[in-house]
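Colleague: Provided below for reference: sequence and predicted model.
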Amino acid sequence: MQVRPVVLTVVLSVLAYGSLSFVSDASPVQSTRAGEAPGSPALAANPPSGEAMPIGNLPGWKQVFAEDFVNGNVPVGEFPGGKYGAKWSENYADGTPDTAAQLNEAKSGYFPSNVLSVKDGVLDMYLHSENGTSMGAAPSPKFSETSGRPYNSQLYGRYSVRFKADPLPGYKTAWLLWPDSKQWPEDGEIDFPEGDLASSIFAAMHATGSAEGEHIDMFHTTATFSSWHTATIEWNPGRVEFFLDGRSIGISATSTPDTPMHYILQTESCLPVCPAPETSGHLYVDWVAIWEKG
């Protein structure tokens with residue numbers, strides 16, 4: 001069983017230095033002015049989130065993955081199954097320790113068979129506790145049906161995800177690009193969207209380098225998980241830019257990662273405080289789209 005290295009995103013965030021900008025829960029503005037993510041033709045006319053998945057190439061980007069969960073429902077315990085197995089992996093087996101369990105021996109972990117399902121056109125993460133253990137999941141897109149870990153490795157790329165969640169204190173996202181080398185923090189880390197589900201959304205770019213010299217650029221927003229949002233990472237040589245609902249919230253050019261990375265929808269708990277045992281609810285993903293440098 002492979003267990004990923006500990007990610008210290010929340011613990012180290014208090015040491016971060018970087019630009020701050022703010023985006024609210026207001027409806028997104030669609031445009032292609034400077035500082036905004038470019039638009040794209042839409043695939044679905046009536047997506048659950050109200051915003052269709054972008055499909056097709058963009059200037060400088062070639063699309064390599066698109067998933068909007070329209071192949072039918074999959075019950076809890078059977079994801080990805082035959083309907084989504086060609087394009088998704090649950091990534092970590094039940095009981096795999098998450099970041100807090102590795103770092104603090106918290107009673108938390110990844111339990112995809114208790115958490116993941118597809119219903120009515122969305123990936124549903126049912127976040128809850130059983131027998132005192134808070135449960136999350138960290139599914140990963142697959143570029144090829146036959147590909148193994150890392151399932152979507154590439155050097156540089158554009159990553160967009162449409163999501164919302166119930167306000168669940170103690171549960172969080174750190175949907176991230178993680179180095180194929182597993183050398184952390186030497187090879188960096190890129191997180192967006194990140195944040196406690198009862199709080200606001202932010203982005204974090206962990207610069208490459210040694211643990212002693214780690215630098216994190218953080219970009220905060222006032223937007224919360226309770227509304228539908230689209231988060232986009234554009235990872236270029238020497239530059240990472242983060243967009244929320246089409247608007248740039250920050251650019252990092254500080255020792256940006258320059259080795260292959262892979263994308264994981266890492267959803268976990270207990271950083272820094274574990275959820276109450278009775279806390280339960282849902283995080284929804286309407287679609288995921290990925291591009292390579294074109």
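Modeller: Happy to help now that I have it.
Colleague: How many neighbouring residues does residue 148 have?
Modeller: Counted with other C-beta atoms under 10 Å, the neighbours of residue 148 add up to 8. Yep, even glycine has a C-beta here, placed from its N, CA and C like the rest.
Colleague: Just say helix, strand or coil for it.
Modeller: Remark: residue 148 carries the secondary structure label coil [criterion: DSSP: H, G, I helix; E, B strand; the rest coil].
Colleague: Can you pull the phi/psi pair for it?
Modeller: The phi and psi values for residue 148, taken as degrees, to the nearest 10, are phi -110, psi -180.
Colleague: what about the closest residue to residue 155 other than its chain neighbours, how many residues close to it?
Modeller: Taking C-beta to C-beta, 6 or more residues apart in numbering, and ignoring the residues beside it in sequence, residue 155 has residue 260 as its nearest neighbour in space, at 4.8 Å. Residues contacting residue 260 under the criterion other C-beta under 10 Å number 17.
Colleague: list the contacts for residue 260?
Modeller: Residues in contact with residue 260 (C-beta atoms under 8 Å, 6 or more residues apart in numbering) are 150, 153-155, 179-181.
Colleague: Point me to the residue sitting farthest from the middle of the protein.
Modeller: Using C-alpha atoms, centre = their mean, the residue of the chain lying farthest from its centre is residue 131. It sits 26.9 Å away.
Colleague: distance of that residue from residue 114?
Modeller: 11 Å (C-beta to C-beta, to the nearest Å).
Colleague: can you check residue 120 too?
Modeller: Counting by C-beta to C-beta, the gap from residue 120 to residue 114 is 20 Å.
Colleague: Looking at those two, which is more packed in?
Modeller: Applying other C-beta under 10 Å to residue 120 and residue 114 shows that residue 114 carries more neighbours, namely 18 against 10.
Colleague: Okay, buried residues for the longest strand seen in the chain please.
Modeller: The strand spanning the most residues in the chain, taking DSSP state E as the definition, is strand 281-293. With burial defined by 16 or more other C-beta atoms under 10 Å, the residues of strand 281-293 counted as buried are 281-292.
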